[in-house]
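**Q** Provide a 3D model corresponding to the input given below.
(3 chains)
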Amino acid sequence: MRPDAYSIIIILLTATVESGTILLFPIIGEIFTQRSGILNLGIEGMMIIGALAGFATAFITGKIYLAFFMGMLAGGLASLIHAFISITLRGNQVVSGLALTIFGLGVTNFYGQKFVNLQLAHTLPKVIIPGLSRIPFFGPILFKQDYIVYLSYILVIVTWFILYKTKVGVHLRAVGQNAEAADAMGVDVYKVRYFWTFFGGLMAGAGGAYLTLGYTPFWLDSITAGRGWVAIALVIFAMWNPLYAFVGAYLFGGINALQFQLQAIGTTIPSSLLSMQPYFLTFILIIVATLLVKAKHIGVPKELGIPYAREEK
Amino acid sequence: MSEVILQAKNITKHFPGVLANDNINFDLRKGEIHTFLGENGAGKTTLMNILDGIYYPDGGEIYLDGKRVDINSPLEATKNGIGMIHQHFMLVDTLTVLENVVLGLQSQGFYLNKKEIAKRIEEISKNYNLDINPYVKIWQLSVGEQQRVEIIKALFKGAKILILDEPTAVLTPQESNTLFKILKRMAREDKSIIFISHKLDEVMKISDRITVLRKGKLAGTVNTKEINQKELAKMMVGREVLFKLDRKPLNRKVEILKIENLETYNDKGIKILKGINLTIHGGEIFGLAGVSGNGQKELAEVIVGLRRATRGKVCIKGEDVTNFHPKVITKEGTNYIPPDRLKVGVVPNLSSVENAILRRYDRKPISRGIFLDYEEADKYTRELIKQFNIVVPRENAPVKFLSGGNLQKLILAREIKEEPALLIAVHPSRGLDVGATEFIRKKLLEERDKGVAILLISEDLEEVLMISDRIGVIYEGEIVGIVDIDLANINKIGLMMAGVHKNPLVKGE
Amino acid sequence: MLRFEKREKISVQLRILIPLISILLGVLVGGIAVMFSHVNPLTVYKAIFIGAFGSTYVFSETIVVAIPLLLISVGLILVFKMNYWNIGAYGQYIIGAIFGTYFALNSAETMSRPILLTVMCIAGIVGGALWALIPATLKAYWKVNEVISTILLNYIALYILKFLMYGPWRNPQNFGFPLTKTFDLNAQLPKLVMRTRIHLGLIFGIIMAIIIWIIIKKTKFGYEIRVIGENEIAARYTGINIEKNITIAMIISGGLAGLAGMVQISGIIHMLQIEINPDYGYTAIIVAWLSGLNPLTAMIVSFFLGGLFVGASQIQITMKVPIGIVGLIESSILFFLLGGVILTNYKLYYKGRKII
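**A** Purely as a prediction, here's the structure:
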């Protein structure tokens, strides 16, 4: 039976990466948004907008990478609403993000009717990377994926690099930790926040687009199933470091893939309890993460959720 | 010495209700350490902010190297070679020294050439003995070291003139000495330094020349070598005729407040109270004078339970209440008028009534079971308004729209009405107009006549002299002298406030 | 270019105008969206209006929808006033419905109607309150962010419901559909108005709105909540126990959401199933915010948002306009309101000239 068990594990882990990638984009996006001091709870809304935009583009044009790009862009544009309200108009960020989610769900329901239950003829093709895919065990899991997954690998590394090794990263971290000091040193706090909120939107849209272009290539209302909220929780778990983003993403993806498999092969555990596990796990994870993050030097960006206004003395 | 690098002519700056700088003239020579000396409110901060481009003067000009300059922003100040080291550091604690230096730097591109920047930082650090590792995170540094990071930031950007605002306020004596050595070395290397302070012994130690400001005006500029502390104190504090309010003779009652060996730390982790001993009786006003930053705020907070004492005792009416919860201490008959009205004293968005009942909402008659009796609350508030002449623009308007004076009167009224045995008032008339100020002082005297023990903490020496029965001076976390009002000599007090005469002439208790 | 300057006094006119203009603008946005679908927005809005208020029956349906919205939103108003973000009404609603169902299924024979209904109501309140207590305690002791914890608990609650529905509580006579058996008459909330579905829950809603209003305005608890929400530092100095107040407020909020769930299954659906309209938990957030955190205004706002929902449900069938229009309009109104609030405290200058 061993060859069977081995291949099952490979299948599971491959599915883990795929499922995790859906989350990986928005987690990284929100890490950067929050690092700038803006709390964007509208990820679920931006993801589903990206999911629909991507799906619709793919369905209409057949060009799948264009579709991915459009999904990203749609998410980015949606985030600008939240950005304008939170940054320029200093509105309540919690409620604005929630409104963005409701907006996203409403808009996609409204415009998505004609796509319901339709399926994409061509989804993201798997691209095998020669050489790397032969690494024992990890090769087939990590390097027999589609281009978007590979993009996510690069994203993690590039964003980590930007955050810790470049001036842009220094400015970002300063704005989120001490906006007054950053402002005093000549950093344009507003511009930085707009930029990274938009980036967060792009990433959320990317995650949503990947969902409907690769993972489940059909359209259903609320197909994101709450992943946007999980992503926000996993930002805390990643402790705002892009390098740790994939830990949470793949953990969730793994439990998700696992419970899927279990349901597929039929177990005695009721499927609803299985479906619950990823969310339950995330719940535990944020409690753990909150306790770990007590040390204030790896922690919540101090300016999170607080609008900035240069006070006239 | 050498040539003049910076000249300020006839600098004048108005703020609503106050003339902060009134025709100030001074010049800064290359390679000198020049101190601005003066009390709080003398105008040093304003002048300094003008040089740093944060304020723009209403009148007067600034010349750098003989050329007229207009400094419209901190960025322009930097371009003109002026580097400011604020009391309140502009550092991001989770970033490294290097990253803080790089913040906002125009010259750097996308990729941080950390090695190159680090090298330059180390060069500067070595040059002036600043001893800072570029890769360390700010939160790992002591306050003194953080200050030196600010100096490095200024030097990195090519500052030729450094302005330091009360730099030793946050330093230990040893760190201060280190700083002085560094500054002297910089001066030798042709940097010009403006040093702002109120501490006479330091000023004597470090400056080449001293410009004294008093109440917005220039009291004079002198060569350090040609003057002594006594004369400086006189320049600082002046010899005005103080009008005294009508005061009834002192009728001192039982001991109400007793503080023994009190120690605590401030928010930055520095020991700010180093062993306070103090006794106040009912029926007297004890005025604690001192330039702000010497521990007064923290002393008040410890007494009322808002800050932990790390050592020592606070006893009210004979009972040890050290580190008790503020609500308990209030119940024990202590009331507090905090220094920042809007942040701690009131709830800005709630109405006057709702703020007025903050101390007694859970007691009869305003409390009725689980309910609040708003009729009683209104009645109570109207009483306060009448008795204290508070002007409330509109009945239920949020209290943040009250003028400063009326807000303070509301707080004062609310606290006094609780009939405390001990009343702590911190900077009660700060920022208020003459009318409100006089009213508040009169009310404090009234309470004193009723037998209340009052601890008045104020940076306004005139206020302290006007209504106190005894005066103490706090300096660097210790009480350096206590005198009865009749024996108070304003110059001596000024000296104590400035750190001289640490061995007190203690009369009374 | 765009500059804000603090006002000397709050503009009362703007305080009232801004919510009204936000509603107008939100409706406008909805109209534009509809235009993109090649439908005449005026026809759509007229149809929504008629679909919500046009006949006695639809009018009553609007009230039916408003009931749970009102119950939940007044509880939310209490916690939102303290800046505590309970996004978990969805889950508290579900758990409340579940607790209520337990008695509906097991005690229908043994208890008389008034007693059974009372027990069910209490059960619903307890269920919701317990579910709310979890995030409240986590926040009080461990500072766990309540937005995330309440939302994750929503999903967990949903799966608990699904588990019960596909498992132990499934009615064996229902061909495998995930439903319980229909509640006995004993377990059904009585109707208030004949020939409509308006049930006793309406009275609960109105009473609770008034009670919450009284709590906020006239009790010490309400006073403490307002102080905490407006100035936490002053609250602490005054000796107010912030953690205790959060806990109590959450118990009330969760309890009300649970009651709403129980009231919905007992008064309308008459059974427990997977689709029991838990989305009211999210819509109630909008109601709370649009009401300006005022429980009395919430009565009006619940009614109108209820109408929007009912009307839109109608045209979903008659004009094929998808129900998403509701979310679109609601969120747009919310956006304008959130953005407009700044104008009550700040004047707006554009290129040096004052605009508002």
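
**Q** can stretch C:202-218 be found next to chain B?
**A** Yes - against chain B, stretch C:202-218 shows contacts by C-beta under 8 Å from any C-beta of the partner chain at residue C:218. Where C-beta positions appear, they are placed from N, C-alpha and C, glycine not excepted.

**Q** contacting residues around that stretch?
**A** B:371-372, B:374, C:63, C:66-67, C:70-71, C:74-75, C:77-78, C:81, C:121, C:192, C:221-222, C:225-226, C:252, C:256, C:259, C:263, C:294-296, C:298-299, C:302 (C-beta atoms under 8 Å, 6 or more residues apart in numbering or on different chains).

**Q** can you pull the buried residues of that stretch?
**A** By neighbour count on 16 or more other C-beta atoms under 10 Å in any protein chain shown, the buried set for stretch C:202-218 is C:202, C:204, C:205, C:208, C:209, C:212, C:213, C:215, C:216, C:217, C:218.

**Q** Restricted to helices, list these.
**A** Those of the buried residues of stretch C:202-218 mapping onto helices are C:202, C:204, C:205, C:208, C:209, C:212, C:213, C:215, C:216, C:217, C:218, per DSSP state H.

**Q** show me what contacts the closest residue to residue C:350 other than its chain neighbours?
**A** Among residues not flanking residue C:350 along the chain, residue C:2 sits closest, at 5.9 Å (C-beta to C-beta, 6 or more residues apart in numbering or on different chains). Shown in contact with residue C:2 (C-beta under 8 Å, 6+ apart): A:88, C:348, C:349, C:350.

**Q** can you check residue A:80 too?
**A** Residue A:80 is in contact with A:194, A:197, A:198, A:201, counting by C-beta under 8 Å, 6+ apart.

**Q** Also residue A:22?
**A** A:207, A:208, A:210, A:211, A:215, A:227, A:253.

**Q** so where does the third one fall, helix or strand?
**A** Assigned by DSSP states H and E, residue A:210 falls within helix A:189-210.

**Q** State the mean pLDDT of that helix.
**A** Mean pLDDT, helix A:189-210: 96.

**Q** Can you pull out the low-pLDDT segments for chain C?
**A** Across chain C, nothing is flagged by pLDDT under 70.

**Q** shouldn't residue A:243 be in contact with residue A:156?
**A** Yes - using C-beta atoms under 8 Å, residue A:243 makes contact with residue A:156 at a distance of 6.5 Å.

**Q** Give me the more crowded residue out of those two.
**A** Counted by other C-beta atoms under 10 Å in any protein chain shown, residue A:243 and residue A:156 do not tie: residue A:156 has more neighbours, with 19 against 15.

**Q** Using PDB, list the CA coordinates for the one helix or strand the more buried one maps to.
**A** Using DSSP H and E, residue A:156 sits in helix A:147-165. Provided in PDB are the C-alpha atoms of helix A:147-165 (Å, rounded to 0.1, in the frame of the first residue of the first chain):
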ATOM      1  CA  TYR A 147       2.500  30.300 -13.500                       C
ATOM      2  CA  ILE A 148       0.400  32.000 -10.900                       C
ATOM      3  CA  VAL A 149       1.700  29.800  -8.100                       C
ATOM      4  CA  TYR A 150       5.200  30.500  -9.300                       C
ATOM      5  CA  LEU A 151       4.300  34.200  -9.200                       C
ATOM      6  CA  SER A 152       3.300  33.800  -5.600                       C
ATOM      7  CA  TYR A 153       6.700  32.300  -4.700                       C
ATOM      8  CA  ILE A 154       8.400  35.300  -6.300                       C
ATOM      9  CA  LEU A 155       6.000  37.600  -4.700                       C
ATOM     10  CA  VAL A 156       6.900  36.400  -1.200                       C
ATOM     11  CA  ILE A 157      10.600  36.800  -1.800                       C
ATOM     12  CA  VAL A 158      10.300  40.200  -3.600                       C
ATOM     13  CA  THR A 159       8.000  41.700  -1.000                       C
ATOM     14  CA  TRP A 160      10.200  40.500   1.800                       C
ATOM     15  CA  PHE A 161      13.100  42.100   0.000                       C
ATOM     16  CA  ILE A 162      11.300  45.400  -0.500                       C
ATOM     17  CA  LEU A 163      10.200  45.500   3.100                       C
ATOM     18  CA  TYR A 164      13.500  45.000   4.700                       C
ATOM     19  CA  LYS A 165      16.100  46.000   2.200                       C
END
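
**Q** Tell me the gap between the helix or strand that that helix is followed by and the middle of its chain.
**A** Next in sequence after helix A:147-165, counting helices and strands by DSSP H and E, comes helix A:167-177. On the basis of C-alpha atoms, centre = their mean, to the nearest Å, helix A:167-177 sits 21 Å off its chain's mean C-alpha point.

**Q** just stretch A:29-48 next, same as before
**A** 9 Å.

**Q** List the buried residues in it.
**A** Judged by neighbour count (16+ other C-beta under 10 Å), stretch A:29-48 contains these buried residues: A:29-48.
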